[in-house]
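Peer 1: got a sequence here, can you build the structure:
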Amino acid sequence: MLSLPTAAPASPVDVSLVLACFNEEDVIADSVSRILDTLDGCAWSYELIFVDDCSRDSTAEQIRRLIAAHPDHNLRAIFHERNRGRGYTVAEGMRAGRGAIVGYIDVDLEVDARYVPVCMRALEQGADVATGLRRYKFSWGSLDRYLLSRGYVTLVRYLLGVDLQDTETGFKFFRKDRILPVFDAIEEPHWFWDTEVMVRALCGGLKIEEIPVPFVRRFDKQSTVRPLRDSIHYFVRLWRFRSTLAKLRQEARLAGTERNWVRESL
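Peer 2: Numbering: from 1, shown residues only. Take a look at the predicted model:
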């Protein structure tokens, strides 16, 4: 792992926003401009942390140029020397964050950065976790993504029995002090990380707010989703996670934090 130092002060900020990057050369410059415009218009102090997961294109160089071009902003970066996986990358960035609130959004901004303040307000009002619940505007071009998403939600609710509507959203914010123990327990470093962090947070008694946000599919970038392979992988991980969930449920019962988060049919 290589870290790029910046002139940013070491003082705390309100929110640390992580951008987990892998081959984002086509979108990163425009997305960062839009993110900074949004955050600069908010009352919260912030830092932006890039974590490049060993991109094979020019993403790393673009990150360096973006940091150099914004010396008046709190921008810094971590560069991986080998690919570590989405979950590992996101969690590493948030662990490094100086904010009381840590979060990440997908670099392609299929959920726009302007919904960051909505999640921030939810956390200020008492939530421990605030996520963007993706709402899809129907189009034939995004029908595959919609069906995959809804199918996965159904599997999560049926196999795990948890009352969550969108565990995989790439738009998540946390109270750092509340989520770090959850990070410590997570076993999955790749895409299933998103499901595991949400379920473990629920098991731990954290208050979760899922906030409806529009999802706008981008067709100017190549998706990394491989429907058949990814569907099989997720099903296997969900099935294996059932045994872990049974243990978490028992721990939650003993701690009095179970509440009504698991259906009795599990």
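
Peer 1: Arg242: neighbour count?
Peer 2: 12 (other C-beta atoms under 10 Å). Bear in mind the C-beta positions are built from the backbone N, C-alpha and C, glycine included.

Peer 1: just the pLDDT at it, thanks.
Peer 2: For Arg242, the pLDDT comes out at 90.

Peer 1: neighbours around Gly151, how many?
Peer 2: 13.

Peer 1: cool, Arg65 as well?
Peer 2: Neighbours of Arg65 under the rule other C-beta under 10 Å: 13.

Peer 1: can I get the helix or strand where it lies in PDB, CA atoms only?
Peer 2: Arg65 is part of helix 59-69, with elements assigned from DSSP states H and E. Taking Å, rounded to 0.1, in the frame of the first residue of the first chain, the C-alpha atoms of helix 59-69 are listed here in PDB:
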ATOM      1  CA  THR A  59      -7.000   6.300 -12.700                       C
ATOM      2  CA  ALA A  60      -4.000   6.600 -10.300                       C
ATOM      3  CA  GLU A  61      -2.400   9.300 -12.300                       C
ATOM      4  CA  GLN A  62      -5.600  11.200 -12.600                       C
ATOM      5  CA  ILE A  63      -6.100  11.100  -8.800                       C
ATOM      6  CA  ARG A  64      -2.600  12.600  -8.400                       C
ATOM      7  CA  ARG A  65      -3.500  15.400 -10.800                       C
ATOM      8  CA  LEU A  66      -6.800  16.100  -9.100                       C
ATOM      9  CA  ILE A  67      -5.100  16.400  -5.700                       C
ATOM     10  CA  ALA A  68      -2.500  18.700  -7.200                       C
ATOM     11  CA  ALA A  69      -5.200  20.800  -8.800                       C
END
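
Peer 1: other SSEs contacting that helix?
Peer 2: Secondary-structure packing of helix 59-69 (3 or more C-beta pairs under 8 Å, 6 or more residues apart in numbering; DSSP states H and E): strand 2-4, helix 28-40, strand 46-52, strand 75-79.

Peer 1: same thing but 6 Å
Peer 2: strand 46-52, strand 75-79 (3 or more C-beta pairs under 6 Å, 6 or more residues apart in numbering; DSSP states H and E).

Peer 1: out of these, nearest to Pro212?
Peer 2: Comparing the helices and strands packed on helix 59-69 by their distance to Pro212 (C-beta to C-beta), the top pick is strand 46-52, with 23.6 Å.

Peer 1: centre of the chain to the helix holding Arg65, how far?
Peer 2: Helix 59-69 sits 22 Å away from the centroid of its parent chain (C-alpha atoms, centre = their mean, to the nearest Å).

Peer 1: not counting it itself, show me its contacts.
Peer 2: Residues from elsewhere that reach helix 59-69, judged by C-beta atoms under 6 Å, 6 or more residues apart in numbering: Thr6, Cys21, Glu24, Glu25, Ile28, Val32, Phe50, Asp52, Leu75, Ala77, Phe79.

Peer 1: could I get those residues as CSV with neighbour count?
Peer 2: Formatted as CSV, these follow (neighbours: other C-beta atoms under 10 Å):
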residue, neighbour count
Thr6, 16
Cys21, 27
Glu24, 25
Glu25, 16
Ile28, 24
Val32, 25
Phe50, 26
Asp52, 25
Leu75, 23
Ala77, 22
Phe79, 19
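
Peer 1: of all those, which two lie farthest apart?
Peer 2: Thr6 and Glu25 (21.1 Å).

Peer 1: tell me how many other residues crowd the spatially closest residue to Arg84 that is not a sequence neighbour.
Peer 2: Take Arg84 and drop its neighbours on the chain: the residue closest to it by C-beta to C-beta, 6 or more residues apart in numbering is Asp53, 5.8 Å away. The number of residues packed near Asp53 is 21, by other C-beta under 10 Å.
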